[in-house]
Every structure is written in C-alpha cells, then in structure tokens.
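Enquirer: Just to be clear, the model below is a prediction. Sequence and coordinates:
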Amino acid sequence: MKVKLLSILGVLVLGTVSMGCCLSIAAQQNDLICYKGECWQEEGLTRLAGKGCPTPTLFVKTSLVELKSYIAGAKKFGLTPQQVKKLQSIYEDANTAVIKARGQLNSTTELLISEMIKEVPDKKKVDKLIDEIEKYCWETVSELAKDVHAARSIVQ
C-alpha cells in the first residue's frame with residue numbers, strides 16, 4: 001500500500017515540476033515561428049496523442065509557443081499593430097494564468113506530499129488535494145485552448 005501511494009505521489013510531483021519547467025522551455029524557443037497546427041507537430045505531440053498520453057505540460061508548452069510565435073512572426077503573418085497588441089495581451093494573460101496555476105499546483109502538491117508521507121494518510125485530505133490538483137491543471141489547459149483559438153481567429 002505504501003509503495004503504491006509513493007508511486008502515485010511520484011507521478012504527481014513529476015507532473016507538477018514538469019509543468020513549471022515548461023515555462024522556461026517555451027521562453028527559450030523565441031526563435032520558433034509556427035502557424036496554427038505546425039506548432040503542434042513539434043516535440044512529438046502527435047505521436048504522444050496517438051498513444052493516448054498527451055500530457056498537460058506538453059499542451060501548456062505548445063500553447064505558449066504558438067501564442068508567442070504569432071507575435072514574433074507578426075510581419076510574416078501580415079499582422080497590423082492592433083492585432084499584435086491583442087495577441088500580446090492574450091499571450092501575457094495566458095502566461096500569467098500558467099504562472100498562477102504553477103504556484104497553486106506547487107503548494108497543493110507540497111500539502112499532498114506532507115500528507116502522503118504519513119504512515120496512514122487522511123483519505124479525505126488526500127482526495128481533496130488530488131481534486132484540487134486536477135482542477136488547477138485542467139482549468140489551465142481549458143483556458144489555454146480558448147486563448148489559442150482566440151489568437152488563431154486574429155491571425156487567420
């Protein structure tokens with residue numbers, strides 16, 4: 001039982017840490033300019049999705065890269081200054097939401113760890129913390145999907 005709980009905990013910690021790391025990776029890819037679906041071919045996302053295991057981290061990273069690429073490629077895409085300003089606003093809001101979610105995920109994961117290392121964890125607390133982690137993660141993915149859709153409607 002304890003080994004199984006520690007395995008689950010390890011997966012949750014890895015997911016939280018990797019989601020936080022995706023911000024720095026996306027920031028380092030400023031030179032990548034992709035258009036719509038092109039962004040989603042990177043990093044083997046298509047291959048992963050085919051195997052049934054696309055990760056929230058990969059989704060977050062790819063969404064931020066796509067949003068940033070529209071700003072970086074404004075001339076290539078023939079965007080007006082007003083369109084670029086709107087895209088910058090979408091990107092900044094998305095980035096801020098990811099940073100906020102990362103903080104929430106980190107603090108919630110720390111609470112989960114402190115509960116899981118107990119000999120007998122409180123099941124209600126563990127369940128509540130897992131629900132919170134799912135909520136922060138999937139709300140972030142949902143909002144990013146909306147942001148990418150809005151950005152694509154501007155770029156057309």
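Expert: All right, it came through fine.

Enquirer: Next, find the distance separating Asp127 from Pro121.
Expert: Distance of Asp127 to Pro121, given as CB to CB, to the nearest Å: 10 Å. The C-beta positions use only the backbone N, C-alpha and C, and glycine is treated the same way.

Enquirer: Between the two, point out the one with more neighbours.
Expert: Counted by other CB atoms under 10 Å, Asp127 and Pro121 do not tie: Pro121 has more neighbours, with 17 against 10.

Enquirer: Not counting sequence-adjacent ones, nearest residue to Leu144?
Expert: With sequence-adjacent residues excluded and distances taken as CB to CB, 6 or more residues apart in numbering, Leu144 is closest to Ser63, at 4.1 Å.

Enquirer: which secondary structure element contains the one you found?
Expert: Ser63 belongs to helix 56-72 when assigned by DSSP states H and E.

Enquirer: same question for that helix, mean pLDDT?
Expert: If you average the pLDDT over helix 56-72, you get 87.

Enquirer: what does stretch 144-156 give?
Expert: The average pLDDT within stretch 144-156 is 93.

Enquirer: Render the CA-only coordinates of it in CSV, please.
Expert: Presented in CSV, the C-alpha positions along stretch 144-156 are these (Å, rounded to 0.1, in the frame of the first residue of the first chain):
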residue,chain,number,x,y,z
LEU,A,144,-5.1,27.9,-22.9
ALA,A,145,-7.2,26.2,-25.5
LYS,A,146,-9.6,29.2,-25.6
ASP,A,147,-6.6,31.6,-25.8
VAL,A,148,-5.1,29.7,-28.7
HIS,A,149,-8.5,29.7,-30.5
ALA,A,150,-8.8,33.4,-30.0
ALA,A,151,-5.3,34.1,-31.3
ARG,A,152,-5.9,31.9,-34.3
SER,A,153,-9.1,33.9,-35.1
ILE,A,154,-6.9,37.1,-35.2
VAL,A,155,-4.2,35.6,-37.3
GLN,A,156,-6.5,33.8,-39.8
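
Enquirer: buried set for that stretch?
Expert: Going by neighbour count (16 or more other CB atoms under 10 Å), the buried part of stretch 144-156 is 144, 147-148, 150-151, 154-155.

Enquirer: Check stretch 128-145 too.
Expert: Within stretch 128-145, the residues scored as buried using 16+ other CB under 10 Å are 129, 132-133, 136-137, 140-141, 143-144.
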